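K.L.:
heads up, no residue letters with this:
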């Protein structure tokens, strides 16, 4: 099922299956927060991070029952960040993945707790993966770095500061790398920690590939905010300009932003060189998907 | 230093020392969130959970450099829960530990991120403790259960529901056990996972001791909300009654609540029976502290 390249539907189905396993109603008053967790996590969205983990895990011969749970943990963590990002005090977004944001569907307090609980549950799933304790500690240590105050949360902080103050190009780059790039890079390299064999060369290459992919993802996100179709993208568009967000486009203009996109495409492509032909095709198909995506 | 029973100051000093180690400004724009993390975590407060970990860790002959880092991780996690609990959408508390709440001192968005980042950092510290990977996975797996949707967060959810709907006594008990009891129980049993030797009997006893202690802590909290001195307690008082919170006192009245307190005192005392005389004295001193505390 996972062997076909770019099979997003399989990644989404597998992730939803495990989300259903991990997020079961308990028939007591805690069910409200579980319902809110399920509302945002179990979705028809593209499951980009699970897709990366499953596809690259398959390239590295990882057992799919392990990568599927790892993918689900990362999707929980990604969903937590979206729920908190959408809060009125943060981006104040009322639409996400084509439906009302968590705090609109439930309420702000429930959304805060649902985000907290998804982060916590994601870590719990990692701590209970059917792999060695050593691998689990590596996976947890690396993910906390990727999403912590020097990772995703740090990026969100810079993003907030950027709403009030003009950021330099290097600050925007840092913001984008931290906010989006780190968890995407993690999704590319995490399978290495559970792979039966993965050379340091391949791990470094996948980290570089993932970081470049993170930039590509963010730049295309900014472009979609300008040119995308809200119905397809599934969230409010045109907000960056309205809120004077410090995006690559705001800082560099569109032409130079597209040149930067080309630069990161080359970086990502070069990183695939250490792989055999079959896997190079898959990794390059991922790059093509990201730069041509419509949502 | 830690050998003396009830040395809260030593626990606070040691925790603050490690908080300073783990939360260093980076000289970039992420420093705002680090500052907010430090503002709430590094404190002059009583550090009850670190105190439990250090004291019980010492009883079980755990190395203090390990228990001190474990204690710091748990204090980060506890602080995250306080920051989020104080948010306008949650308890809307403007005072905490004798100073403005995090969102008052900074802003709501920063407070949300600072809470998220403290939870994440607490897990990162656990994943990097200088103990075996097996112990670290146990510590992380157990803490995520204690603070997840079937633990602390579940308790906060029930608490919120209780603001709008009268809870039954068993629902209040569940709420208190989850919201406060689980992390206090964790603090009592976590040293077992890193102790050179700790029998299952002792671990079970410490878990029971911790759960009873959690109830004692919450009941005395409710009593302090009624009779405490705000300047000593360091937070807004009288809020439970005003907001019609479902507390033990609201449900049972004061007399029956004090009888329940006595019941949990006996439960906690009985749990200490498996320990030698010296350690029984320490554990009973902890019980006495909790029921007689003024803040």
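P.N.:
Cool, got the structure. Worth saying up front: this structure is predicted, and the values here are computed from it rather than measured.
K.L.:
Shouldn't residue A:288 be within a strand?
P.N.:
No: under the criterion used here (DSSP: H, G, I helix; E, B strand; the rest coil), residue A:288 is helix, not part of a strand.
K.L.:
so how far is chain B from residue A:105?
P.N.:
15 Å (CB to the nearest CB, to the nearest Å). C-betas here are computed from N, CA, C, even on glycine.
K.L.:
Can you tell me the closest non-neighbouring residue to that residue?
P.N.:
residue A:39 (6.0 Å; CB to CB, 6 or more residues apart in numbering or on different chains).
K.L.:
That neighbour is in what secondary structure piece?
P.N.:
helix A:31-41 (DSSP states H and E).
K.L.:
Figure out how far that helix is from the centre of its chain.
P.N.:
Distance of helix A:31-41 from the chain centroid (CA atoms, centre = their mean, to the nearest Å) equals 19 Å.
K.L.:
which residues touch the helix or strand that that helix is followed by?
P.N.:
Using DSSP H and E, the helix or strand that follows helix A:31-41 in sequence is helix A:48-59. Contact with helix A:48-59 is made by A:2-3, A:5-8, A:10-12, A:14-15, A:64, A:66-68, A:70-72, A:74-75, A:78, A:183-184, A:187-188, A:190-191, A:194-195, A:206, A:210, A:213, A:217, A:275, A:279, A:282, A:286, as judged by CB atoms under 8 Å, 6 or more residues apart in numbering or on different chains.
K.L.:
ok, residue A:25 - contacts?
P.N.:
Shown in contact with residue A:25 (CB under 8 Å, 6+ apart): A:31, A:34, A:35.
K.L.:
Buried ones in the helix or strand where residue A:16 lies, by neighbour count?
P.N.:
Element membership of residue A:16 [criterion: DSSP H and E] is helix A:8-22. Buried residues in helix A:8-22, defined by neighbour count with 16 or more other CB atoms under 10 Å in any protein chain shown: A:8, A:10, A:11, A:12, A:14, A:15, A:16, A:18, A:19, A:22.
K.L.:
just stretch A:267-276 next, same as before
P.N.:
A:267, A:268, A:271, A:272, A:274, A:275.
K.L.:
and for it, what are the contacting residues?
P.N.:
A:59, A:201-202, A:205-206, A:208-209, A:212-213, A:216, A:279-280, A:283-284, A:287.
K.L.:
Sort out which residues of stretch A:33-47 are buried, please.
P.N.:
A:33-34, A:36-43, A:45-47.
K.L.:
Could you work out the most separated pair of those residues?
P.N.:
Using CB to CB, the buried residues of stretch A:33-47 span at most 25.4 Å, a distance reached by A:33 and A:46.
K.L.:
which stretches of the stretch 101-250 of chain A form helices?
P.N.:
Along the stretch 101-250 of chain A, counting by DSSP state H, counting those that start in this stretch, helices occupy A:102-105, A:108-127, A:133-147, A:152-162, A:169-176, A:182-194, A:200-227, A:230-233, A:239-242, A:248-271.
K.L.:
Please name every helix or strand in contact with the fourth one.
P.N.:
The contact analysis (3 or more CB pairs under 8 Å, 6 or more residues apart in numbering or on different chains; DSSP states H and E) places helix A:152-162 against helix A:64-86, helix A:169-176, helix A:182-194, helix B:31-41, helix B:108-127.
K.L.:
Give me the angle between it and helix A:200-227.
P.N.:
30 degrees (axes from the mean of the first three to the mean of the last three CA atoms, to 10 degrees).
K.L.:
Below-threshold pLDDT in the stretch 1-150 of chain A: ranges please.
P.N.:
Residues of the stretch 1-150 of chain A meeting the criterion pLDDT under 70: A:1-6.
K.L.:
Could I get the contacting residues of the closest residue to residue A:29 other than its chain neighbours?
P.N.:
What sits nearest to residue A:29 in space, not counting adjacent residues and going by CB to CB, 6+ apart, is residue B:158, at 4.5 Å. Contacts for residue B:158 (CB under 8 Å, 6+ apart) come out as A:29, A:30, B:167, B:171, B:174, B:175, B:178, B:179.
K.L.:
quick one on the thing from earlier: which of the contacts of stretch A:267-276 lies closest to residue B:85?
P.N.:
Closest to residue B:85, out of all of these and judged by CB to CB, is residue A:213, at 37.2 Å.
K.L.:
and the closest one, how many residues sit next to it?
P.N.:
Counted with other CB atoms under 10 Å in any protein chain shown, the neighbours of residue A:213 add up to 30.
K.L.:
got it, and residue A:200?
P.N.:
8.
K.L.:
show me the contacts for residue A:154.
P.N.:
A:148, A:178, B:29, B:30, B:33.
K.L.:
TSV please, covering those residues and showing distance to residue A:51.
P.N.:
Shown next, in TSV, are these (distance: CB to CB, whole Å):
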residue	distance to residue A:51
A:148	24
A:178	22
B:29	31
B:30	29
B:33	30
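K.L.:
Buried by neighbour count, from those residues: which ones?
P.N.:
Buried among those by 16+ other CB under 10 Å: A:148, A:178, B:29, B:30, B:33.
K.L.:
Please report how far the last one lies from residue B:60.
P.N.:
Read that as residue B:33. According to CB to CB, to the nearest Å, residue B:33 and residue B:60 sit 35 Å apart.
K.L.:
and if you look at the fourth one?
P.N.:
For residue B:30, the distance to residue B:60 (CB to CB) stands at 38 Å.
K.L.:
mean confidence for stretch A:221-240?
P.N.:
In this model, stretch A:221-240 carries a mean pLDDT of 71.
K.L.:
that older thread, now render the helices and strands packed on helix A:152-162 as CSV, adding distance to residue A:129.
P.N.:
Shown next, in CSV, are the helices and strands packed on helix A:152-162 (distance: least, CB to CB, whole Å):
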stretch, distance to residue A:129
helix A:64-86, 6
helix A:169-176, 30
helix A:182-194, 8
helix B:31-41, 28
helix B:108-127, 13
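K.L.:
Appreciated, that's everything.
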